[in-house]
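Asker: structure for the following, please:
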Amino acid sequence: MKTLFLSIIVLCCITACAQDKQPLLGDTDYQKSQNSKFKDASESPLTSKDIKTFKQLDFFKYDESYKVEAKMELTPNSEYFEMPTSTDRKPLYRVYAVLTFELKGKTHQLNIYENIDLLTTKGYEDYLFLPFIDETNGETTYGGGRYIESRIPKGNTLMVDFNEAFNPYCAYNYKYSCPVVPIENTLNLKVEAGVKAYNKH
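Answerer: Numbers count the residues shown, from 1 in each chain. Here you go, the predicted model:
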């Protein structure tokens with residue numbers, strides 16, 4: 001009888017755990033990985049209060065046309081400058097290259113940046129930072145613009161996937177210090193790809 005009772009308890013625990021473990025939401029692997037990170041208290045930028053009710057980020061529907069091949073014009077002689085942030089912190093960045101690409105029938109250019117501190121940070125030595133502003137900001141997306149992460153490619157082109165554009169952590173939690181998007185990285189069109197503005201539910 002005791003053995004039967006213990007078996008029932010174990011079965012109930014397994015069932016409860018299976019019910020609590022919800023499948024990751026998202027239409028792409030990238031969206032699922034982002035939702036997973038935001039649900040994980042050890043990684044999430046959300047406040048402890050918001051993470052309790054978090055289900056998923058709001059993304060635009062994946063659109064292959066927002067994945068573009070950009071030509072890279074390297075700027076090896078560019079100087080490091082203090083990039084303004086949402087706090088008093090001023091990290092040193094330089095323009096690593098100028099990207100030129102076609103999007104929605106027009107030619108656009110964006111600067112992609114290299115951070116001096118990451119050059120000596122293990123695993124981030126080839127990290128590139130692409131912040132941008134577009135005409136969705138303050139409407140369907142975060143008012144301060146969005147970011148895309150990349151790595152230094154082997155050739156003179158770089159695949160830029162705006163479907164992976166994400167919000168600065170400041171959009172979720174004021175404790176973070178986030179780079180302000182340089183005005184020259186403004187796109188005069190609506191980039192309806194990537195993550196949308198964060199709305200607490």
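
Asker: tell me the contacts of the most centrally placed residue in the chain?
Answerer: In the chain, the C-alpha nearest the mean C-alpha coordinate belongs to F166, at 3.0 Å (CA atoms, centre = their mean). F166 sits next to Q34, R146, Y147, I148, G194, V195 when contact means CB atoms under 8 Å, 6 or more residues apart in numbering. (Glycine included, C-beta is placed from N, CA and C.)

Asker: repeat that with 6 Å
Answerer: By CB atoms under 6 Å, 6 or more residues apart in numbering, the contact list for F166 reads Y147, V195.

Asker: give me the neighbour count for the closest residue to Y172 other than its chain neighbours.
Answerer: Spatial nearest neighbour of Y172, excluding adjacent residues (CB to CB, 6 or more residues apart in numbering): P45 at 4.7 Å. P45 is flanked by 19 other residues according to other CB atoms under 10 Å.

Asker: if we can go back for a sec, who's the residue nearest to the centre of the chain bridged to?
Answerer: Y147 (DSSP bridges).

Asker: now it: how far from S48?
Answerer: Here the criterion is CB to CB, to the nearest Å. By it, F166 lies 21 Å from S48.

Asker: check E114 too.
Answerer: Distance, E114 to S48, using CB to CB: 34 Å.
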